[in-house]
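Here is my input, please return the structure:
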Amino acid sequence: MDSVAATDGRRRLWRSRWAAIGAAVAVTFGGGGLFAVSAASPESSVVTLEPVRILDTRDPVNVGLAGPFVSPVAQDLKVTGSVATTTGAKTVVPTGATGVFLNVTPVGSTAAGFISVRPANAAGLPSTSNVNFTVGAINPNSVLVELPVGGADDGKIEITFDAFGAAGPTSDVLVDVVGYTTDAKLVSLQADVDALKTAQPFTVSNSVNPPTYDNLTTTSANVISVSVTAPVAGKVTVHSTATVKNFIEGDGVYCAITLASDPLPPGGGEFRQPYIQPAGSTGPGNLAGTRTFEISAGSTVEYALACMEIGANAVNGGHIFSRQLTATFTQ
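The predicted structure is shown next:
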């Protein structure tokens, strides 16, 4: 057989081995890549690897576990974190991986039988096989097995050689890791999605409507305030309304939207256009305005509406009937 035919044969063999996995695992494609999904595990992304041998029970190698396996005794093999390999200790599959892709090969079996590979926390005796073989046969097969995450069996698989119920026959076993599944990127992506959901616009309002007039002066501000906590960096739009009146013609009232931490009038603050009581008018007037502030992630900022009287004719000639302050966060 020439090299091209041999290569094609290996490709067909690879495809036929992994085709069996489809019966147990649903594979879906999404915007983020390839995901393997099982009924017992969260969605996970697939990471492929250059094959690394983590189990060889043949003497004098004895990497991973001492061999051979004796029917029908199960042994646990640590897969995640730092493990022994035929090229020295290394981390092939990271801690927290949700599953692992393996090539499993029986070698030198003294009886026909099968190998079962399953999560180390599985209960009872194995009821399924991953590799079936006759005496002495070398029949590699591909296996996808879920990994326990957390607990005493974290990152471990259970391997059993069973000579169809007979006790005592032996077989060496080789295991190569060719890939694994992990939900690490999906967990990070979900956290980003959750943050974006939280970051959708929300409103924090504070409204004050006194039943009687509040006097305003030229020396200190009448203040109401609201605070906003930003889940992510964004902006806060602050809107205010106020109904005001000054009993002195030509005098008036002005209001400012400002940070509560800023110096308030008369020492500072950013003021809007004031309301001046028109000559001959006895009715109140309305002030309304909007101001936008930048806000950093995790910050809690208090915003204020500060109103004062303006004019030199009289003190306490200004009044405020009602006011409302609304702060809206958007990303």
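
buried ones in the helix or strand hosting residue 52?
Element membership for residue 52 (DSSP states H and E) is strand 44-56. Neighbour counts over strand 44-56 (16 or more other CB atoms under 10 Å) mark 44, 45, 46, 47, 52, 53, 54, 55, 56 as buried. C-betas here are computed from N, CA, C, even on glycine.

quick one, helices of the stretch 101-250 of the chain?
For the stretch 101-250 of the chain, the helices defined by DSSP state H, counting those that start in this stretch occupy 184-198.

The strand holding residue 52 packs against which elements?
With contacts defined as 3 or more CB pairs under 8 Å, 6 or more residues apart in numbering; DSSP states H and E, strand 44-56 has these neighbours: strand 33-37, strand 99-107, strand 170-182, helix 184-198.

cutoff 7 Å now
strand 33-37, strand 170-182, helix 184-198 (3 or more CB pairs under 7 Å, 6 or more residues apart in numbering; DSSP states H and E).

Please state the offset of it from the chain centre?
How far strand 44-56 lies from its chain's middle: 25 Å, per CA atoms, centre = their mean, to the nearest Å.

what sits up against it?
Strand 44-56 is contacted by residues 33-36, 63-65, 77, 79, 83-86, 92, 98-99, 103, 173-183, 185-186 when judged by CB atoms under 7 Å, 6 or more residues apart in numbering.

follow-up on the earlier one: lowest average confidence across the helices and strands packed on strand 44-56, which one?
Ranked on mean pLDDT, the bottom entry among the helices and strands packed on strand 44-56 is strand 33-37, at a mean of 35.

Residue 70: what's it in contact with?
Going by CB under 7 Å, 6+ apart, residue 70 touches 168, 170.

per-residue pLDDT, it?
The model reports residue 70 with a pLDDT of 98.

tell me the SS of residue 262?
The three-state label given to residue 262 by DSSP: H, G, I helix; E, B strand; the rest coil is coil.

and stretch 229-237, which residues are buried?
Quick answer for stretch 229-237 (16+ other CB under 10 Å): 230, 231, 234, 236, 237.

Would you mind listing the two of the residues you listed that lie farthest apart?
Greatest spacing in the buried residues of stretch 229-237, by CB to CB: 231 and 237 (16.1 Å).

now residue 323: how far from residue 248?
Between residue 323 and residue 248 the computed distance is 21 Å (CB to CB, to the nearest Å).

typo on my end, it should be residue 140
98 Å.

So for the strand holding residue 52, could I get the coordinates as PDB, restricted to C-alpha?
In PDB, the C-alpha atoms belonging to strand 44-56 read as follows (Å, rounded to 0.1, in the frame of the first residue of the first chain):
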ATOM      1  CA  SER A  44     -18.300  23.300  26.700                       C
ATOM      2  CA  SER A  45     -15.900  24.300  23.900                       C
ATOM      3  CA  VAL A  46     -13.500  21.700  22.400                       C
ATOM      4  CA  VAL A  47      -9.700  22.000  22.600                       C
ATOM      5  CA  THR A  48      -7.700  19.700  20.400                       C
ATOM      6  CA  LEU A  49      -4.200  18.600  21.300                       C
ATOM      7  CA  GLU A  50      -1.200  16.800  19.800                       C
ATOM      8  CA  PRO A  51      -1.600  13.300  21.300                       C
ATOM      9  CA  VAL A  52       0.100  12.800  24.700                       C
ATOM     10  CA  ARG A  53       0.300   9.400  26.400                       C
ATOM     11  CA  ILE A  54      -0.700   9.500  30.000                       C
ATOM     12  CA  LEU A  55      -1.100   5.700  30.600                       C
ATOM     13  CA  ASP A  56       1.100   2.800  29.600                       C
END
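
now it: mean pLDDT?
Across strand 44-56, pLDDT averages out at 92.

From the buried residues of stretch 229-237, which land in strands?
Applying DSSP state E to the buried residues of stretch 229-237, the entries found in strands are 234, 236, 237.

so what pLDDT did the nearest residue to the first one once chain neighbours are set aside get?
In other words, residue 234. Spatially, and ignoring its direct neighbours in sequence, residue 234 is nearest to residue 331 (4.3 Å; CB to CB, 6 or more residues apart in numbering). Listed pLDDT for residue 331 reads 78.

okay, now residue 331: neighbour count?
The number of residues packed near residue 331 is 15, by other CB atoms under 10 Å.

What's the separation between it and residue 233?
Counting by CB to CB, the gap from residue 331 to residue 233 is 8 Å.

Same check on residue 179?
Using CB to CB, one gets 37 Å for the distance from residue 179 to residue 233.

Also residue 298?
9 Å.

from what I can see residue 63 touches residue 87, true?
No - at 9.5 Å, residue 63 and residue 87 do not qualify as touching, with contact defined as CB atoms under 7 Å.
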